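**Student:** coordinates only, sequence not included:
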């Protein structure tokens, strides 16, 4: 098995790197799963209007945003902590709870593993022969042997949803056995699947992660949050650095939650375009897409070409895809593409076909 040092974890979305790498000013980024509509216009307006707040320190407790989130989810503000992206909270959880033994279901978001680098880690594998579906029995068995389990629902990069019945059973088992389940629901709004966030305030051993980067289109402002039992959230706050969430990000978060029209429009677009893109990729010889549940499509390369070579061929044409070879549990035959607008998706399809046919 690969060790932590042998895997070179990277992420999509590095526009500066892509432009330098391919010598192109204009690229279309399918490597990062961001709302193709971007942030709400109301958010952009509020950031432009209130830019002068940068002369003051931000509210370290993010009180206004936490109250807005509490109203949005019908829970108490004491059950919410806000961070500099959900990634800050992932690391905060790891160093606060300090699990001796932890488990991660792979392939998945690499920051879970990096955050838990001092724990004795167990990797539970989603298997290709099972279409990367949730391995109920393995997870239920392993929860007995660890202090903490990280899960992603829908999973990144495979796109699988955890069956609702399995998830509810797992969170109840964890509560009874006093094992922490950290459930990352960053992409759940795109598929309108049932969240278990409403359970978090009553379960000391369940923490739900959410982000403003994906559906709300604010990755550059770095804004995320977690919901959990008040005692668990209170413990996390003791270990959290002050002022990690800037004032403009807090204002953008509040305004995002208030713009239901943008939310609904974004979900409709992604639903329609993910269906379109899946159907079209399915017809490209040499590719096998997996049914999407969020705003990205996980694809196996059947053709005689590696994910790295396909990445470079597409990149030279101004299309950036995600090479998934550095996800633990995957090899160089998998890619991931974000769902974008129809015109952008058509360009992606054209470039994928050309690249698979040897056109560089």
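**Tutor:** Perfect, thanks for sending it. This structure is a prediction, so every number in the text was calculated from the model and none was measured. Numbers count the residues shown, from 1 in each chain.
**Student:** tally of neighbours for residue 178?
**Tutor:** By other CB atoms under 10 Å, 9 other residues sit near residue 178. Using the backbone N, CA and C atoms, a C-beta is placed for each residue, glycine as well.
**Student:** that one - nearest residue in space that isn't next to it in sequence?
**Tutor:** Nearest residue to residue 178, sequence neighbours excluded (CB to CB, 6 or more residues apart in numbering): residue 205, at 6.0 Å.
**Student:** and the pLDDT at that neighbour?
**Tutor:** Here the pLDDT value assigned to residue 205 is 98.
**Student:** quick one: contacts for it?
**Tutor:** 174, 175, 178, 179, 180, 181, 232 (CB atoms under 8 Å, 6 or more residues apart in numbering).
**Student:** so what's the fifth one scoring on pLDDT?
**Tutor:** Read it as residue 180. Taking residue 180 on its own, its pLDDT is 98.
**Student:** which ones are touching it?
**Tutor:** Here residue 180 is in contact with 97, 99, 147, 148, 149, 174, 205, 206, 207 (CB under 8 Å, 6+ apart).
**Student:** using the three-state scheme, assign the closest residue to residue 232 other than its chain neighbours.
**Tutor:** Spatial nearest neighbour of residue 232, excluding adjacent residues (CB to CB, 6+ apart): residue 204 at 5.7 Å. The local conformation at residue 204, judged by DSSP: H, G, I helix; E, B strand; the rest coil, is coil.
**Student:** roughly how far apart are the residue nearest to residue 178 and residue 148?
**Tutor:** As judged by CB to CB, to the nearest Å, residue 205 and residue 148 stand 9 Å apart.
**Student:** common neighbours of the two, please.
**Tutor:** Residues touching both residue 205 and residue 148 (CB under 8 Å, 6+ apart) are 179, 180, 181.
**Student:** point out where the stretch 1-150 of the chain drops to low pLDDT.
**Tutor:** For the stretch 1-150 of the chain, applying pLDDT under 70 flags the ranges 1-13.
**Student:** which residues in it form helices?
**Tutor:** Along the stretch 1-150 of the chain, the segments classed as helices by DSSP state H, counting those that start in this stretch run 15-22, 41-49, 63-73, 86-97, 111-115, 136-142.
**Student:** same deal with the stretch 201-350 of the chain?
**Tutor:** With DSSP H, counting those that start in this stretch as the criterion, the stretch 201-350 of the chain has helices at 230-239, 247-258, 260-282, 307-315, 342-356.
**Student:** okay, these in JSON lines with mean neighbour count and distance to residue 16 next?
**Tutor:** Formatted as JSON lines, these follow (neighbours: other CB atoms under 10 Å; distance: least, CB to CB, whole Å):
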{"stretch": "helix 230-239", "mean neighbour count": "15", "distance to residue 16": "32"}
{"stretch": "helix 247-258", "mean neighbour count": "22", "distance to residue 16": "21"}
{"stretch": "helix 260-282", "mean neighbour count": "16", "distance to residue 16": "26"}
{"stretch": "helix 307-315", "mean neighbour count": "20", "distance to residue 16": "14"}
{"stretch": "helix 342-356", "mean neighbour count": "18", "distance to residue 16": "20"}
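**Student:** between the ones you listed, which one is closest to residue 74.
**Tutor:** helix 247-258 (12.8 Å; CB to CB).
**Student:** burial measure for the nearest residue in space to residue 231 that is not next to it in sequence, as a count.
**Tutor:** In space, and not counting its chain neighbours, residue 231 is closest to residue 204: 6.1 Å by CB to CB, 6+ apart. For residue 204, the tally of surrounding residues (other CB under 10 Å) stands at 17.
**Student:** next up, the contacts around residue 204.
**Tutor:** So residue 204 contacts 175, 178, 228, 229, 231, 232 (CB under 8 Å, 6+ apart).
**Student:** and for stretch 135-146, what are the contacting residues?
**Tutor:** By CB under 8 Å, 6+ apart, stretch 135-146 touches 99, 101-103, 105, 122, 124-127, 149, 163, 166, 169-170, 173-174, 177, 179, 181.
**Student:** please repeat the previous calculation with a cut-off of 6 Å.
**Tutor:** Residues external to stretch 135-146 that are found in contact with it (CB atoms under 6 Å, 6 or more residues apart in numbering): 101, 102, 103, 124, 149, 166, 173, 179.
**Student:** do the same with stretch 77-94
**Tutor:** Under CB under 6 Å, 6+ apart, the answer for stretch 77-94 is 62, 65-67, 69-70, 111, 115-116, 182, 201, 209, 211, 222, 224-227, 230, 233, 236, 240, 244-245.
**Student:** buried residues in that stretch?
**Tutor:** In terms of neighbour count (16 or more other CB atoms under 10 Å), stretch 77-94 has its buried residues at 77, 79-90, 92-94.
**Student:** if anything else comes up later, I'll come back, but that's it for now.
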